[in-house]
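1. model this:
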Amino acid sequence: MKLLRVLQRLILSWFGADRIRLSPTEGSWLRLHADDVVLIREMLFTVMDRNTMITPKVSRLDFQLRRSDETSEESVLLRVELVGEALDFVSASLTMDGDVIELFEDDPVVISCSTMAENA
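-> Predicted structure coming up:
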């Protein structure tokens, strides 16, 4: 009888809870860290550094990237702007060789994730 009550509470709490559901591409910018390899617009990059500026209204993530196919030390800047406490996507741009390329929310594809490898 006690087991039935526990199961009933578990089921009620499951259906009564407000669960957050996100698509796989949602928040992909937030998961990028140093040493991750990322594919953006058919170009491979390695994340060298990550700088974060978070405020209640607008937040910005700046990533220093290096092209994986070049030995050049010239870095590429990936800038992502988010708005609000929910960190809703506003804009993203890739600055390389003096050109600014506007990106979409689902542009980055993480090829290898350093933090996932460490935890495995």
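2. spatially, what comes nearest to Arg41 if we skip its sequence neighbours?
-> Excluding the flanking residues, the one nearest Arg41 by CB to CB, 6 or more residues apart in numbering is Asp107, at 6.4 Å. Yep, even glycine has a C-beta here, placed from its N, CA and C like the rest.
3. revised request: answer the last question for Arg67.
-> Phe45 is the one closest to Arg67 (CB to CB, 6+ apart), at 5.9 Å.
4. wouldn't Asp36 be in contact with Asp49 here?
-> No. Applying CB atoms under 8 Å, one finds Asp36 not in contact with Asp49, separated by 11.4 Å.
5. more crowded one of those two?
-> Set side by side, Asp36 and Asp49 show more neighbours around Asp36, with 23 against 12, by other CB atoms under 10 Å.
6. for the residue nearest to that one when sequence neighbours are not counted, give the beta-bridge partners.
-> Among residues not flanking Asp36 along the chain, Val47 sits closest, at 4.6 Å (CB to CB, 6+ apart). Here Val47 sits in beta bridges with Leu65, going by DSSP bridges.
7. quick one, what contacts Val47?
-> By CB atoms under 8 Å, 6 or more residues apart in numbering, Val47 lies in contact with Leu32, His33, Ala34, Asp35, Asp36, Val37, Val38, Phe63, Gln64, Leu65.
8. what about the residues you listed, which are in helices?
-> When DSSP state H is applied, the contacts of Val47 are split such that none fall in helices.
9. buried ones among the residues you listed?
-> Leu32, Asp36, Val38, Phe63, Gln64, Leu65 (16 or more other CB atoms under 10 Å).
10. Ser59 versus the residue nearest to Arg67, what's the distance?
-> Relative to Ser59, Phe45 is positioned 21 Å away (CB to CB, to the nearest Å).
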